[in-house]
Each structure stands twice: as structure tokens, then as C-alpha cells.
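Asks: The sequence isn't on hand, but the structure is:
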């Protein structure tokens with residue numbers, strides 16, 4: 001008996017992107033394909049391979065795309081609210097195509113998610129992924145995406161991204177990147193990525209971005225969020241949020257959807273940790 005043919009991961013990912021684009025078009029939803037196999041060749045050469053797909057969806061069209069994905073066999077693993085400290089993406093999985101992160105915003109470019117999407121969409125380009133013409137940000141925007149991602153990514157891939165997106169580009173392109181960062185409110189993560197944190201001290205979000213950039217423990221990230229909070233109402237909201245159980249992360253840790261009892265035990269454990277600190 002012959003062994004089944006193993007499809008190379010990059011090929012599967014390109015086909016998965018094409019599948020995602022087909023689903024989005026069928027639902028009348030605009031998406032942009034980010035990073036991984038969707039990257040411009042100048043940025044992708046020598047970069048470690050990806051294992052999933054990333055797409056940015058028009059934030060006003062999230063619900064219909066989620067419904068279309070679920071109807072096509074994509075199961076939701078994590079929610080937007082609990083997927084990360086930035087509450088920006090939900091993870092979906094398909095038994096054939098693998099994992100995809102659906103972004104309703106991109107951390108660092110999320111001051112106004114709708115305006116960011118429209119700006120990136122207006123300057124989009126097209127690449128063939130899995131036989132489908134897929135929309136991607138232009139080269140300058142792709143460089144900025146890699147840089148703001150590098151500001152919160154401790155992996156070795158971030159060094160490559162900073163090099164190809166900043167160190168090796170000319171001053172004219174750096175000026176364009178800075179201009180786009182200012183337009184989209186990404187000055188803080190950009191400064192951290194390129195090693196200029198002193199230029200953004202005191203700006204909104206600087207403390208939490210610094211904590212994430214430094215790979216701080218979750219408790220330290222929460223403290224940074226509280227210090228960055230604007231006013232008592234936001235502080236109170238963050239305190240309540242900090243004490244809530246992240247069902248997504250608990251489920252991933254347990255390997256199954258948590259029961260009420262497991263959620264309750266985790267809630268009491270969080271309170272205990274909070275009081276000890």
C-alpha cells in the first residue's frame with residue numbers, strides 16, 4: 001500500500017488562504033491577508049515558515065464572516081475577547097486547512113480599527129494564493145505590520161522582520177513607514193521595534209507595550225494596563241476584567257471546555273493570587 005502524499009505546509013497554507021478568501025467573497029466580506037505566505041518576497045526571503053494563516057477582516061463585517069466560516073466547517077478555538085491582552089483576534093481550525101487567526105484589529109494599528117482597515121484596503125495589492133487573487137497590504141504597510149508585530153514577538157523571527165522592514169530600507173521608505181505609523185497611531189510599537197523607546201515615553205499605551213515587548217509576566221502586563229488607564233472608570237473596568245476567568249485559555253490548558261466547577265475553582269484561585277499580590 002502506498003503512503004498518502006504529504007502536502008508541504010507552505011502549499012497547504014496558500015490553499016487555505018485561497019479558501020478563506022473564497023468564503024469571505026461568498027459572504028460579501030472584505031479581508032486582507034497578512035504575514036506568512038502572503039508576505040511580499042522581499043520580506044519573506046529567509047524568514048522562518050508559518051504554521052497558520054492570518055487575515056484582517058473589515059471590523060464592521062466580523063459577524064457574517066464568522067458565520068460563513070462555521071458553516072464551512074471551521075471551528076472556533078478562541079474568542080476575540082479572550083484571545084490576547086489586546087482582544088484582537090479569534091482562532092479557527094479546519095480539519096483540512098489547519099488554523100487561521102481572524103483579526104478584527106491588529107495590535108499597534110488599532111487606535112481606530114475601521115479607519116486602519118480602510119487605509120490598508122485603499123492601498124491594497126493582489127497576490128495569488130491557492131489560485132485565488134487575494135488582497136494584501138502594500139509593501140510599506142506590510143513592513144509596518146511586521147514591525148509592530150515584532151514589538152510584541154519575542155521569537156527569533158522578530159530579528160529578521162526588523163532587519164528587512166527597517167534596518168535594510170532607505171531613508172525615504174523609513175519616512176513612509178513613520179508617516180503611516182503616525183496616521184494609524186502606531187508610534188509606540190514602532191519605536192520599541194526599532195530600539196527607540198525613549199521617543200515615546202508617556203504616550204498612551206507606552207507602559208503596556210513596553211511590558212509586552214519585555215516579555216513580562218501576565219500580572220506585570222495587567223499592572224501596566226492599569227497604569228495606562230485613563231480615569232477611574234477605565235481602571236475599574238480593567239480590575240473587573242483582570243479577575244474574570246479566561247475560559248479560552250483555561251480550556252486550552254485543560255484540553256476540554258471547562259465545566260462550571262472548573263471555572264469557579266479558577267475564579268477563586270485568581271482572587272487568591274490577586275490578594276497575595
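Replies: Good, I have the coordinates. Since we're looking at a predicted model, the values are computed, not measured.
Asks: can you pull out the strands in the chain?
Replies: 31-34, 53-57, 75-76, 89-94, 98-103, 125-129, 132-136 (DSSP state E).
Asks: Relative to residue 221, which of these is closest?
Replies: When the strands of the chain are ranked by proximity to residue 221, the top entry is strand 89-94, at 16.8 Å, counting by Cβ to Cβ. Bear in mind the C-beta positions are built from the backbone N, C-alpha and C, glycine included.
Asks: what is the mean pLDDT for the closest one?
Replies: Averaging pLDDT along strand 89-94 gives 94.
Asks: For that strand, buried residues please.
Replies: Buried residues in strand 89-94, defined by neighbour count with 16 or more other Cβ atoms under 10 Å: 89-92, 94.
Asks: packing partners for it?
Replies: Identification of packing neighbours for strand 89-94 by 3 or more Cβ pairs under 8 Å, 6 or more residues apart in numbering; DSSP states H and E yields strand 75-76, strand 98-103.
Asks: which of those sits most buried?
Replies: Greatest average neighbour count among the helices and strands packed on strand 89-94 goes to strand 98-103 (a mean of 21), per mean count of other Cβ atoms under 10 Å.
Asks: Note down every partner strand of that strand and its orientation.
Replies: strand 53-57 (parallel), strand 89-94 (antiparallel) (DSSP bridges).
Asks: how far does the shortest one sit from the chain's center?
Replies: Think strand 53-57. From the chain centre to the centre of strand 53-57 is a distance of 8 Å (Cα atoms, centre = their mean, to the nearest Å).
Asks: Need the residues that contact that strand.
Replies: With Cβ atoms under 8 Å, 6 or more residues apart in numbering as the test, strand 53-57 has contacts from 13, 16-17, 20, 24, 29-38, 65, 89, 97-106, 117, 120.
Asks: tell me the average confidence for it?
Replies: 97.
Asks: could you give the angle of it to strand 132-136?
Replies: 70 degrees (axes from the mean of the first three to the mean of the last three Cα atoms, to 10 degrees).
Asks: Quick one: residues contacting residue 72.
Replies: So residue 72 contacts 19, 23, 94 (Cβ under 8 Å, 6+ apart).
Asks: mind running it again at 10 Å?
Replies: 19-20, 22-23, 26-27, 92, 94, 97 (Cβ atoms under 10 Å, 6 or more residues apart in numbering).
Asks: Just the buried ones from these?
Replies: For the contacts of residue 72, buried by 16+ other Cβ under 10 Å: 19-20, 22-23, 27, 92, 94, 97.
Asks: and the residues you listed as a markdown table, adding distance to residue 191?
Replies: Shown next, in a markdown table, are the buried ones among the contacts of residue 72 (distance: Cβ to Cβ, whole Å):
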| residue | distance to residue 191 |
| --- | --- |
| 19 | 37 |
| 20 | 32 |
| 22 | 39 |
| 23 | 37 |
| 27 | 38 |
| 92 | 33 |
| 94 | 38 |
| 97 | 37 |
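Asks: Quick check: of the residues you listed, which lies closest to residue 124?
Replies: Once Cβ to Cβ is applied, the member of these that ends up nearest residue 124 is residue 20, at 15.6 Å.
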